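Peer 1: Everything below, folded, please.
(one chain, ligands or ions: 2)
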Amino acid sequence: MLKIMTVYGTRPEAIKVAPIIKALEESDNFESIPVVTGQHREMLDSVNRLFSIEPVRDLNIMSAKQGLNGIVAKVINGLDEIYAELEPDAVIVQGDTSTVMGAAIAAFNRQIPVVHVEAGLRSGDINSPFPEEANRKLTSQISKLHLAPTSTSKANLLREALPEKEIVVTGNTVIDALLEVVEKPVEFTDQTVAELVAQKDDAPIVLVTTHRRENLGESMQNIGRAVATLAGKYPGYRFLLPAHRNPLVRENVLPHLEGLQNVFVTEPLAYAEFAHIIAASRIVLTDSGGVQEEAPSLGKPVLVMRENTERPEAVDAGTVRLVGTDYDRIVEEVSALIDDEKHFASMANAVNPYGDGRATERTLAALEKMFGLGERLADF
Ligand code: UD1
Ligand code: UDP
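Peer 2: Ligands and ions are numbered 1, 2, ... in the order given. You can find the predicted model right below:
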């Protein structure tokens, strides 16, 4: 059996590799070796628990307010030893975090083929998102197999002169994960959240998430102030903000929301619960990458608090709007969705540009093809 090591470190990577790890476990051709860097801790462990994944190694690198170079250095050094010890035949990485870039460089330097899941996303601005745009471009340069979620991402890779025969369009595995969890009933661990969902028809929910590094500081304070203003303007609405664990995020946003009756700040929610919350929400306001992919497939209007996006497909479909991080603009855009039923209806369309739930299947087939064990499936 060929040894396939999946290396991941943060919540979104964990969610998006979980279906691949489960499929590798069931494969006759591959031995699955999940390894975590621990760039995130609680938020990573929560996903592994949900999908019953037990990593065979854990670098446990997280520290409070960690710097990018500290993360990358620990990832490269730690993985170098694990690669030497476990000798994988290929390393799978997913996305664009520091874990991904470090894991890819460490594998490349040991001449282990890198398989890049969610390859080819590009905002076109090397400084935004920072440092993710650079991480994914660097990872593309040293990967052997590029699993692009959409034809747009494939086109981005071709523009960078990557060989077409090494690119497969799979759809995004986040849709596989999402479909798996939204189909099952869920019990909310947080009683307040359970009550918000139970009352959603009388008091609609606006779901808010923020965490991007480039939004830390003034932009994130604008986000906090805008949510506070909206909560005052629309007392019949409930604003739910599961707060990222990053203490810098909390310091910037939470002071603006204290004492507001219809704003509910919680700890990060377990993935299955969060997916059901998206489904129960009226409007989603976020700077997250993954949420931009999930919410459109559940028919929710999404306002993205960024200046650009590497996920243009749902913007083109009309379900996502880029609103930036200006205080007035955020208030105006959310107000328009609340006040104008026609505008809301024009955005509340279920679109699935990011996947059809078969990305994992196409990923495994592409891996088999890479090792001469089978044929690819048709592109998504
Ligand atoms: C990282 C990724 C970003 C991704 C995001 C997902 C990089 C450069 N950035 O963001 O692409 O969108 O994760 O959420 O790789 N913390 C905890 N517990 C946790 C997780 C985080 O306490 O379970 C705290 C720690 O203090 C940590 C801080 O949050 O220092 C920030 O974590 P980090 O992974 O560095 O976050 P970002 O770089 O903002
Ligand atoms: N998510 C979650 N619980 C939460 C908030 C988000 O499980 O409280 C999930 C969400 O559904 C998505 C992923 O986390 O799949 C996105 O992670 P994040 O926004 O931290 O990172 P990004 O996608 O921006 O890299």
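Peer 1: Rounded mean pLDDT for stretch 131-146, please.
Peer 2: With pLDDT averaged residue by residue, stretch 131-146 scores 98.
Peer 1: do it and ligand 1 meet?
Peer 2: Yes. Using C-beta under 6 Å from any ligand atom, stretch 131-146 reaches ligand 1 at 131-132. For glycine as for every other residue, the C-beta is placed from the backbone atoms N, C-alpha and C.
Peer 1: buried set for that stretch?
Peer 2: For stretch 131-146, a neighbour-count test (16 or more other C-beta atoms under 10 Å) marks 131-133, 135-140, 143-146 as buried.
Peer 1: Looking at those, which is nearest ligand 2?
Peer 2: Nearest to ligand 2, judged by C-beta to the nearest ligand atom, of the buried residues of stretch 131-146 is Glu132 at 7.7 Å.
Peer 1: Could you check how far the residue lying closest to the closest one once chain neighbours are set aside is from Leu254?
Peer 2: Nearest residue to Glu132 in three dimensions, chain neighbours excluded: Asp96, at 4.0 Å (C-beta to C-beta, 6 or more residues apart in numbering). According to C-beta to C-beta, to the nearest Å, Asp96 stands 27 Å off from Leu254.
Peer 1: Among those two, which residue is more densely surrounded?
Peer 2: Applying other C-beta atoms under 10 Å to Asp96 and Leu254 shows that Asp96 carries more neighbours, namely 27 against 14.
Peer 1: So the more buried one lies in a helix, does it not?
Peer 2: No. With DSSP: H, G, I helix; E, B strand; the rest coil as the criterion, Asp96 is assigned coil and is not in a helix.
Peer 1: Let me see the contact set for it.
Peer 2: By C-beta atoms under 8 Å, 6 or more residues apart in numbering, the contact set of Asp96 is 118, 121, 129, 132-133, 135-136, 139.
Peer 1: returning to that earlier point: now the buried residues of stretch 131-146 in TSV, with secondary structure?
Peer 2: Rendered in TSV, the data for these read as follows (three-state DSSP):
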residue	secondary structure
Pro131	coil
Glu132	helix
Glu133	helix
Asn135	helix
Arg136	helix
Lys137	helix
Leu138	helix
Thr139	helix
Ser140	helix
Ser143	coil
Lys144	coil
Leu145	strand
His146	strand
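Peer 1: Chain neighbours aside, what residue packs nearest to the closest residue to ligand 1 within the stretch 51-200 of the chain?
Peer 2: Relative to ligand 1, the nearest point of the stretch 51-200 of the chain is Thr97 (3.1 Å; C-beta to the nearest ligand atom). The shortest distance from Thr97 to any non-neighbouring residue, by C-beta to C-beta, 6+ apart, is to Thr10 (5.1 Å).
Peer 1: now the strands: where do they sit in the stretch 101-250 of the chain?
Peer 2: 114-117, 145-148, 167-169, 205-209, 238-242 (DSSP state E, counting those that start in this stretch).
Peer 1: Report the strands that pair with the shortest one, each with its relative direction.
Peer 2: As defined by DSSP bridges, the strand partners of strand 167-169 come to strand 145-148 (parallel).
Peer 1: Ile82 and Met62, how far apart?
Peer 2: From Ile82 to Met62 the distance is 17 Å (C-beta to C-beta).
Peer 1: who's more crowded, the two?
Peer 2: Higher neighbour count among Ile82 and Met62: Ile82, with 22 against 19, using other C-beta under 10 Å.
Peer 1: Centre of the chain to the host helix or strand of that one, how far?
Peer 2: Assigned by DSSP states H and E, Ile82 belongs to helix 68-86. Here the centre of helix 68-86 is set off from its chain's centre by 22 Å, with C-alpha atoms, centre = their mean, to the nearest Å.
Peer 1: What of stretch 129-146?
Peer 2: Relative to the mean C-alpha coordinate of its chain, stretch 129-146 is positioned 15 Å out (C-alpha atoms, centre = their mean).
Peer 1: interface residues of the stretch 201-350 of the chain facing ligand 1?
Peer 2: Within the stretch 201-350 of the chain, the positions lying close to ligand 1 (C-beta under 6 Å from any ligand atom) are 211, 213, 245-247.
Peer 1: could you dump these to JSON lines with neighbour count?
Peer 2: Below are these laid out as JSON lines (neighbours: other C-beta atoms under 10 Å):
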{"residue": "His211", "neighbour count": "19"}
{"residue": "Arg213", "neighbour count": "14"}
{"residue": "Arg245", "neighbour count": "16"}
{"residue": "Asn246", "neighbour count": "18"}
{"residue": "Pro247", "neighbour count": "10"}
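Peer 1: Nearest to ligand 2 among the residues you listed?
Peer 2: Nearest to ligand 2 among these, with distances taken as C-beta to the nearest ligand atom, is His211, at 5.3 Å.
Peer 1: Which residue lies closest in space to the closest one, excluding its sequence neighbours?
Peer 2: His244 (3.9 Å).
Peer 1: residues in contact with that neighbour?
Peer 2: Counted by C-beta under 8 Å, 6+ apart, His244 has contacts 43, 209-211, 250, 268.
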